[in-house]
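Q: Give me a 3D structure for the following:
(chains A and B)
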Protein chains: 2
Amino acid sequence: MSKILRINTEKLTFNFEDIPAELAGLGGRALTSKMVLNEVPATCHPLGAANKLIMAPGILSGSPAANSGRLSVGAKSPLTGGIKESNSGGFVSQKLARLGIAAVVLEGKPAGDAYSMIVIKKDSVEILPADEYVGMGNYEAIEKLWTTYGAKTGVMCIGQAGEQRLKAASIQQADLKGTPGRAVGRGGLGAVMGSKKIKAIVVDDKGCDRLTMADPDAFKAANKKWVKMLNDHPVTGQGLPGLGTAVLVNVINESGSLPTKNFRDGRFEHAQDISGEKMVENIEARGGIVAEGCHPGCVIKCSQVYNSADGKQLTAGFEYETLWAFGAHTTIKDIDDIAMMDRLCDDYGLDTIDTGVAIGIAMEGGLLEWGDGKAAIELIKEVAKGTGNGKILGNGAAFVGDALGVDRLPVVKRQAFPAYDPRAVKGVGVTYATTPMGADHTAGYGVTANILKVGGDIDPLKKEGNIELSQNLQIATAAIDAAGLCLFVAFAVLDNEDGVQTIVDLINAQYGLSLTPDDVVSLGKSILNDEKEFNKRAGFTKADDQLPDMFDEKLPPHNVDWGFSTDELQETLNF
Amino acid sequence: MSKILRINTEKLTFNFEDIPAELAGLGGRALTSKMVLNEVPATCHPLGAANKLIMAPGILSGSPAANSGRLSVGAKSPLTGGIKESNSGGFVSQKLARLGIAAVVLEGKPAGDAYSMIVIKKDSVEILPADEYVGMGNYEAIEKLWTTYGAKTGVMCIGQAGEQRLKAASIQQADLKGTPGRAVGRGGLGAVMGSKKIKAIVVDDKGCDRLTMADPDAFKAANKKWVKMLNDHPVTGQGLPGLGTAVLVNVINESGSLPTKNFRDGRFEHAQDISGEKMVENIEARGGIVAEGCHPGCVIKCSQVYNSADGKQLTAGFEYETLWAFGAHTTIKDIDDIAMMDRLCDDYGLDTIDTGVAIGIAMEGGLLEWGDGKAAIELIKEVAKGTGNGKILGNGAAFVGDALGVDRLPVVKRQAFPAYDPRAVKGVGVTYATTPMGADHTAGYGVTANILKVGGDIDPLKKEGNIELSQNLQIATAAIDAAGLCLFVAFAVLDNEDGVQTIVDLINAQYGLSLTPDDVVSLGKSILNDEKEFNKRAGFTKADDQLPDMFDEKLPPHNVDWGFSTDELQETLNF
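A: Sure thing, here's the model as predicted:
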C-alpha cells in the first residue's frame, strides 16, 4: 500500500501521491488519526471545506489474515467536535489494500448542490454524477450499485441522514449479502461525506493480484495459529458465532449493568424479550442466517440476517448495542419493532446507538411515551422526510436533549453512551470518560475483565484497577484498529500469552519487519497521543473527560455511583 | 441592600440571608458573576438542579441617580455553556433595591411539571401556583399581572420559549407601559427560569422608604452634574432620544459594517427601509411614542412604542440590533414585518439577536427563502406551537446551523453575532471573540472609537489599537453593569474627563465611601477575572476565543478580513 488517493470534491479531480516517510507503515486508525492531526485545522467547522474524510485499510487488510478486513474512517467529528475514527467491516478495506491504496481522502467542498459518486478500479478513478442516487436509502442504493458494478463490489454510501448532514449520520458499507448491514456508525462521519456531496464510493479490485507476502510460509504458519486461537476461545469460537453480540443482553442484564429507562436501573424486566436467545429463535423460525461474517475472511461470524415473520429480510448485523439502545434504554420490548428501527437506521444511514439513545431522550422530554415502539418507528421515519423533528432526532441524543431542554443526558463529548452502565462496569466507564472519541465502548472495552473475566478479573463495581484496565485496553485497541483487525480478536488475544506475538508475526511476515509486542504498545500510545493532541487544539480540556452529573445517582440493583474525580480520570491517558 | 433572598424551587420555600463579607458592596454583574462562580459547579448541566438563576440590582439601583435601573441576571448559560450576565431595564431593579434585596436566587429544580410564580413585597414573599399563566405569552401575562398586582409593578416573566427551556429564551420585564418591551435577552436565561418552573416574578416596593443617602447633598450635586453630562452629549442627548438605537442603521451601513445576508456584505441596499428615520416616520404617522425610557429615571429615552398602520401597538423597544438581525442579515426589508417579529419575540420570550440570526441561518440552510418576511414570521410562530422547527429555531442560531448542517455560522461560544461586522469594526470584533459572554456587543462596544469617534479614534479596519480598545471597554463595561447603569452612559463618560469621577461621586455619596476611579478599574478587572475563571473551569480554552473561519473571507465594500490570531486575542483579557 504505497499510494494516497486524494479527491478534490470542489473541482471533482483526483490525484495519487506517494506515502510520505512520516506515514510509512501506518494503516487504519494510526493513519487516519495522524492525517487528521496533520491536515485538518482543529478548530475548523466539521462540515466546512477544511475538514477531510479519510478512509484507510488496516496494516493487515487485504492479506489472508483472519478478521483483518476492517476499514478505518477518520475526520473531525460533527458530533463531538473532536477527532474521530470509526471502523466497520464490508468489502472496501481489503479491496483498497489490494489496489495498493493506503488512504482515500475526500477534500474541499463543492459550491453547488450536485452530488457525485466515486468509482475506484485497478486502472481508473471516476468521479461521476450521482443524481439518480440522491434521496435514496442505502438498501436501494447498494442494490442498484451492485447491479451496476457487480455483486461483492465494495460500497460505502450515505442515506438521507448523511445527505442532510445530521450529526448521527453514518456511512454504511455493503455487507456480504449486499445490504447496508455494516456501519461506520459513530460520530457523524456520514455528515462529513454529505457535506462533500459524495453519495457513494465504489471499490472494485478486479484484476489485482493477491498481496505479496515478504515471508509467505511464516505468514501461513502465523495465520493458522491465529485462526485456531480465535476458534478455540469460548467468546470468539462459541458465544459470538452462536448468538452474535446479542449474547450480551442476558449477560449484562444479569450483571446489573444493562442501562434501563435512560440509565435509571441496571436491569430490564423484559431483557429476555430482546435477548440473543430470542433473536436466534426468531431467525431459526423464519429462515434467516444465524452466523455471518462482516467481511470476507471473518472466522468469528457474529453477524446475522434477521427476517420478519413473513420470511423477508428485516435487518442484518443486529447488534447488542442496537437491541439495548432501542430496547432497554427506551423500555421498548418488541424485538421486531427494534429490528425495524435497526433497518431504518441502516437504510437512512444513522448510528443506531446515538439514535436509540436519542429516542429515549425524546421520551424523557415528552415527545413520545416510554416503551412505545410504533411511535419510535414513526419518529425515525421523520428523518427521511426531513421534518423538524426528524432533524432533531437525526442529530443524535445530545441534540435531542438540547432541543427538548432535557438535562438527563448520557453523553460524553456529545456522543451517546453505549449499552453498559458506567457505574456498574467501571472499566468501560473510564473509557467513556477519557477516550478522545466521546463515549465509546469499542475504544477500550472494559467489559472484558469486568464482566466476562477475559484477560483478568477486575471488580466492575469498584474503582480499583479500572483506570489501569481502561488504559491498557485503549492502547491495545488503538493498535488493533491500526491493524485493520476486528476488535473481537481481543477476547482471544487477552486470554492467550501468544496473542499479541501472533499479530506481530503476521505483520512481520507480510512486510519483512522484525517488530516486537513492545512496538504494538508504542503504536497504540502514539495513536492516542495524536488524538489527544488534536482534541487539545480543538479546545478540549479535562472538563470534557468526565461523566455527566446524572451518574452521581446510585444505580440499582447494586446501588453504586460513579465515584471517579476528574483528576483521577486524567491519569488514564497520561503516558 | 443587605439581604439575599433564596428561593428553593424544589421545596417551594424561601429564606433571607445576610450578605456575607465577601460579597459586601457588590451589585449587578459584580454580584451575579461572583455568586455564579462561587455557587454553581462549572460543569453542571445548565438546566439541572445545580444551576442557579441570580438577579441583582446594581450598586446605584434604587437611588435617584439617572439611568441606574438596570437589573443584572446571572447563571450558567444554556446557550454558551459558560457564565452569563444579561441585564435589562424595567421596574424590578429599583424595587428590589428599595426592598433592601441585593439578590434573588432561584435554586434547585422541582420534580414535577407544576409552575409557580413568586411575589415579593415589603413584608412578604409568596410562592404561588402559576397554572393559569402557563402557556401564556408575555403580553398577556404582564397585562394580567398588572391587573392583579397593580400597574407599575415590577414583573419578570418567561413566555412559551422559556417554558420549553429553549436556548434563545429570554426573560422579559414589564416596560413603562406594561408591555414586555425590555429583555434579559442573551444566553438563554429564560430557559434556566423555565427549568426551575418559575413563570413570573412580581416585585412590589409599596411601603418602602426611599433609599437613605450617606451624604444627600453630595449625591444631589453629583446627580445634577450626571444628568447634565448625559443631556449634553450628542449621542445620549440627541441621537438616542431622537431615533433610538435605530439611529445606527444608516450610520453603520454608511461605514460599511452592516452585516448583510449572513455577513456577505457590509452594506444593505435597503438599509433606508429599516432605518431609525423610517421607524420614526412610521411612529409619528401612526401615533406611537418616539422617545421613552426603559426604566423610571432614564434621561436618555432610547425606547419607543411602534404602532402598526391601524394605530395599535405593534412593538416596543425596537432596537437597532433587532432591525438588523431580522432585516439586513436576512435581507427582509419590510420594517413592519420586522416589528411583528420583534413583537413575537417579546411575547414568546426570545432573544431577538439570536432569533434573527437564526432566521438567516435557516435561510442559508434552505428552510425558507432569503428576504421572505412573511415566511419568517410563520417560522417564529412555530416556537409557540412547540413544533420541531419551532424548537430548532428557538434554540438559536448555532442550533439552527447544526440542525440544518450549515457551516457558515456567525457565532462565538455558540452565541450569535450582533449587528456589527467584526472585520469592519474590529474593536467590537475583539470583544465578540474574547468576552466570557459569547459574541456580545454590549460587553465592550468598540463601535464607540471605531465608528462614532467617541472616546478616541481607532481605525475600525486595522488591527492596531483595537485589542487595547476592547480591553479598556470590557473593563469599563463590567463596572458599569455592576453599578446598574445603562451602558449608554458610556458615550458621555468616555467623552468627559469628569465622567468616571462623577459615577464614583454618586457611589461615594450614597454609601459614604471614598472610592477613586482606580477602584472602578479594579472592580471591572475583578469581574472579568471571575467570569474567566468560571469559563476555564467549565472547559473553555483559547480555542473558544476566536471567530469562525468564515471571517477569513474579505468583506465588501472595504474588502477587509479579520486578521487576528488566537494568540493575539488572548492578550485582550490578560491583566
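Q: Have a look at chain A and report its longest helix.
A: The residue-count maximum for a helix in chain A (DSSP state H) belongs to helix A:517-538.
Q: What sits closest to the closest residue to chain B within the stretch 401-550 of chain A if chain neighbours are left out?
A: With Cβ to the nearest Cβ as the measure, A:Gly405 is the residue of the stretch 401-550 of chain A nearest to chain B, at 2.6 Å. The C-beta positions use only the backbone N, C-alpha and C, and glycine is treated the same way. Distances taken as Cβ to Cβ, 6 or more residues apart in numbering or on different chains put B:Arg165 closest to A:Gly405, at 2.6 Å, once the chain neighbours are dropped.
Q: Near the residue of the stretch 401-550 of chain A closest to chain B, how many other residues are there?
A: 25 (other Cβ atoms under 10 Å in any protein chain shown).
Q: roughly how far apart are it and B:Thr236?
A: From A:Gly405 across to B:Thr236, the span is 39 Å (Cβ to Cβ, to the nearest Å).
Q: how does chain A divide up, domain by domain?
A: Domains of chain A are assigned by automatic domain parsing as A:3-203, A:243-421.
Q: Can you give the distance of the longest one from its chain's centre?
A: The gap between where domain A:3-203 is centred and where its chain is centred comes out at 14 Å by Cα atoms, centre = their mean, to the nearest Å.
Q: Give me the nearest residue to A:Glu402, chain neighbours excluded.
A: In this structure residue A:402 is Asp, not Glu. Counting by Cβ to Cβ, 6+ apart, A:Asp402 lies nearest to B:Asn395, which is 6.4 Å off, once chain neighbours are set aside.
Q: Likewise for A:Leu555?
A: Nearest to A:Leu555 is A:Arg423, by Cβ to Cβ, 6+ apart, at 4.5 Å.
Q: Any idea how many residues pack against that neighbour?
A: Burial of A:Arg423 is recorded as 26 neighbouring residues (other Cβ under 10 Å).
Q: so it makes contact with A:Val560?
A: Yes. If you go by Cβ atoms under 8 Å, A:Arg423 and A:Val560 touch, sitting 4.8 Å apart.
Q: Find residues that contact each of these two.
A: Residues touching both A:Arg423 and A:Val560 (Cβ atoms under 8 Å, 6 or more residues apart in numbering or on different chains): A:Leu461, A:Lys554.
Q: Now the stretch 151-300 of chain A against chain B: closest residue?
A: Closest approach between the stretch 151-300 of chain A and chain B, counting by Cβ to the nearest Cβ: A:Arg165, at 2.6 Å.
Q: Quick check, that residue in contact with A:Lys196.
A: No. Using Cβ under 8 Å, A:Arg165 is not in contact with A:Lys196, being 9.9 Å away.
Q: Report the closest residue of the stretch 251-400 of chain A relative to chain B.
A: The stretch 251-400 of chain A approaches chain B most closely through A:Gly388 (2.4 Å), counting by Cβ to the nearest Cβ.
Q: what's around the spatially closest residue to that residue that is not a sequence neighbour, how many residues?
A: Once flanking residues are discounted, A:Gly388 sits nearest to B:Gly388: 2.4 Å by Cβ to Cβ, 6+ apart. Counted with other Cβ under 10 Å, the neighbours of B:Gly388 add up to 19.
Q: and B:Gly388, what does it touch?
A: Counted by Cβ under 8 Å, 6+ apart, B:Gly388 has contacts A:Glu382, A:Thr387, A:Gly388, A:Asn389, A:Gly390, A:Lys391, A:Ile392, A:Ala403.
Q: Of the residues you listed, which count as buried by neighbour count?
A: Buried members of the contacts of B:Gly388, scored by 16 or more other Cβ atoms under 10 Å in any protein chain shown, are A:Glu382, A:Thr387, A:Gly388, A:Asn389, A:Gly390, A:Lys391, A:Ile392, A:Ala403.
Q: ok, back up a step: tell me the SS of the residue nearest to A:Leu555?
A: Using DSSP: H, G, I helix; E, B strand; the rest coil, the structure places A:Arg423 in coil.
Q: contacting residues for it?
A: A:Ser257, A:Gly266, A:Gly429, A:Leu461, A:Phe551, A:Lys554, A:Leu555, A:His558, A:Val560, A:Asp561, A:Trp562, A:Gly563.
Q: Per-residue pLDDT of the fourth one, please?
A: To tie it back to what came earlier, the one meant is A:Leu461. Turning to A:Leu461, the model gives it a pLDDT of 98.
Q: so what's the backbone phi/psi at it?
A: phi -100, psi -10 (degrees, to the nearest 10).
Q: Chain neighbours aside, what residue packs nearest to A:Ile127?
A: Spatial nearest neighbour of A:Ile127, excluding adjacent residues (Cβ to Cβ, 6+ apart): A:Leu12 at 4.7 Å.
Q: name the element the residue lying farthest from the centre of chain A belongs to?
A: For chain A, the residue at maximal distance from the C-alpha centroid (Cα atoms, centre = their mean) is A:Asp217, at 33.2 Å. Counting by DSSP states H and E, the element that carries A:Asp217 is helix A:216-232.
Q: which other helices and strands contact that helix?
A: Secondary-structure packing of helix A:216-232 (3 or more Cβ pairs under 8 Å, 6 or more residues apart in numbering or on different chains; DSSP states H and E): helix A:489-494, helix A:499-511.
Q: Report the angle between it and helix A:499-511.
A: Using axes from the mean of the first three to the mean of the last three Cα atoms, to 10 degrees, the interaxial angle of helix A:216-232 with respect to helix A:499-511 works out to 150 degrees.
Q: residues contacting A:Gly349?
A: So A:Gly349 contacts A:138, A:157-162, A:169-172, A:180, A:190 (Cβ under 8 Å, 6+ apart).
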